[in-house]
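Undergrad: Okay, sequence plus prediction incoming.
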Amino acid sequence: MFLHRFRVLLLSGFIMGMAFSSYGQDSVQVVVAERGDGILSLLRKQGVNPYKHYDDFIAMNMDNLRDSIHLYEGRKYRIPTAPLDTVDVVDSLHKKSKEIKTVEGKQYAIFGKEHATVIPKSENLKGAVYYLVSGHGGPDPGAMANYAGKMITEDEYAYDITLRLAKELIAHGALVYIIIRDENDGIRDGRILEIDHDEVAYPNEVIPLNQVARLKQRVDIVNDLYRKNKGRYQRLIVTHVDSRSQGQNIDVFFYHHKKSKNGKKLAESIHRTFEKNYKKYQPNRNYSGTFEDRTSLYLVKKTHPAMTFIEVGNIRNKKDQRRILDADNRQALAKWISEGILLDHESGEIGPLR
C-alpha cells in the first residue's frame, strides 16, 4: 500500500468574478469587494484567517485602500496565500479520508467562537503582565449616542477594542488579565453592538451600581493581582470612549499619572505609534492626539501598575463614530495600541508606578 498526499487550498466559491494574478513569486487570489465588505469579512469569506493575514493584505493592497484600511466597493483586491489553511486528502486502495490541517494556536472562549484561536506571532512580551480594563459595564453603559435610530454605548465598543487588544498581546506571549468581562459577547464584527448589562469584574464579581464602588472594585482587583505578580513586568491599559458635543471631532489621546515615569513612557510610546501610522497611512491628515498627566482620575490615581488611560474618540461625533462602528477600525485601533505597547516594552522597566 502506498499513499498519495496532496493539498487542496480552501477556496470560497461564492465570490463572483474571481481572477488570479501574481504577487512576488506567489500566485494569489483576486476578488471584487462587495457592498458592506471590510478587510476582516473579505478575508474570512475567502477561508483566510483575517487576523494572521491582516497586515499582509494591507501591504499587498495599500494603493487601493481608503485611509489605509477601507475597501472600495467594486474594486479588485489581492488575497494573501494561506498555506496552512489547507485540507490534506489521503488516498489509498481501501479508503479515502479528509483531515483539516489547522493553524497552530490556543483557544480562548472569551473571544467568541469565530475569534477564539490566538495564533502566536512572537515571544516579545513573554513574562510581561498586562491588565486591561474597558470603561463602564454592568449596570453602567457609559457614554451613549443615537446612530441610525439605535442607541450605541461606550461600554460595548470599549470592550470590543479591549478584547482585540488582548488577542494581540497574547499573540506576542504576554499574560493578560481582562478585568471587565462578558463571557457571551466575544469579539464582534458588526457595526451596531447590542447593549446588555451582564458584564462582570474579574474573575466573576457583580459590578456595583454605585460609581465610586465600581471604580474601587476595579482598583482593588488590579492592585491585588499586581501584588501576586510582584517582581514581574506589569502594565495597565484602561480604554474609554469619550462623550462631548456632537461637533467636536477628537483624535485618540492618552492620560498617565504625573509621578509615573513608566506610565508616561507607556502613553508616549503608544502616542508615538499613532503619529507614525497617521503619517504613513493618512499623510494628508494631521494627528492631534495628545498624552498628558491626569492624576485626578480615580483609576489613574489609585492603581499601582504603570498605566495609560486611553480615550478612543467622541461617541457623539459622526467622524469619531466611524472610528468605533467599523470593525476594521476597531481592529486597527487595537493593533496600533499593541504596537505602542511593544515599543514601550523594548526598553521598559519592571519597577512600580512611582
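TA: Structure received.
Undergrad: For the rest of this, base every contact and every neighbour count on C-alpha atoms.
TA: Noted.
Undergrad: Phe334 contacts Ala158, correct?
TA: Wrong residue type there; residue 334 is Ala, not Phe. No - the pair Ala334 / Ala158 is not scored as a contact, 10.4 Å apart, by C-alpha atoms under 8 Å.
Undergrad: Those two: which has the busier surroundings?
TA: Ala158 (25 against 21; other C-alpha atoms under 10 Å).
Undergrad: I'd like the average pLDDT over the strand or helix carrying that one.
TA: According to DSSP states H and E, Ala158 maps onto helix 154-171. Helix 154-171 shows a mean pLDDT of 97.
Undergrad: Centre of the chain to that helix, how far?
TA: From the chain centre to the centre of helix 154-171 is a distance of 5 Å (C-alpha atoms, centre = their mean, to the nearest Å).
Undergrad: Please, where are all the helices along the stretch 101-250 of the chain?
TA: 154-171, 211-228 (DSSP state H, counting those that start in this stretch).
Undergrad: Need the winner for burial among the ones you listed.
TA: Counting by mean count of other C-alpha atoms under 10 Å, helix 154-171 has the highest mean neighbour count of the helices of the stretch 101-250 of the chain, with a mean of 26.
Undergrad: circling back: which strands and helices lie in contact with the helix holding Ala158?
TA: Helices and strands touching helix 154-171, by 3 or more C-alpha pairs under 8 Å, 6 or more residues apart in numbering; DSSP states H and E, are strand 117-118, strand 128-134, strand 175-178, strand 233-242, helix 327-346.
Undergrad: Tabulate the ones you listed in CSV, adding columns for distance to Val252 and mean pLDDT.
TA: Formatted as CSV, those follow (distance: least, C-alpha to C-alpha, whole Å; pLDDT from 0 to 100):
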stretch, distance to Val252, mean pLDDT
strand 117-118, 26, 91
strand 128-134, 15, 98
strand 175-178, 21, 98
strand 233-242, 9, 97
helix 327-346, 9, 96
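Undergrad: mind putting the ones you listed in TSV, distance to Arg218 included?
TA: Putting those into TSV (distance: least, C-alpha to C-alpha, whole Å) gives the following:
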stretch	distance to Arg218
strand 117-118	26
strand 128-134	8
strand 175-178	11
strand 233-242	11
helix 327-346	21
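Undergrad: Val48: which of the ones you listed is closest?
TA: With C-alpha to C-alpha, the closest approach to Val48 among the helices and strands packed on helix 154-171 belongs to strand 117-118: 13.2 Å.
Undergrad: mind listing what the closest one pairs with, with the direction of each?
TA: strand 106-107 (antiparallel) (DSSP bridges).
Undergrad: Can you tell me, leaving aside adjacent residues, what's nearest to Gln282?
TA: With C-alpha to C-alpha, 6 or more residues apart in numbering as the criterion, Gln282 has its nearest non-adjacent residue at 5.8 Å, and that residue is Asp67.
Undergrad: what helix or strand is Tyr255 on?
TA: Secondary structure from DSSP H and E places Tyr255 in strand 253-256.
Undergrad: Go through that strand and flag the buried ones.
TA: 253-256 (16 or more other C-alpha atoms under 10 Å).
Undergrad: Walk me through the domains of this protein.
TA: Structural domains annotated on the chain: 4-79, 106-346, as defined by automatic domain parsing.
Undergrad: among these, which is the most enclosed?
TA: Highest mean neighbour count of the domains of the chain: domain 106-346, a mean of 19 (counted as mean count of other C-alpha under 10 Å).
Undergrad: First-to-last residue distance for it?
TA: With C-alpha to C-alpha, to the nearest Å as the measure, domain 106-346 spans 25 Å from end to end.
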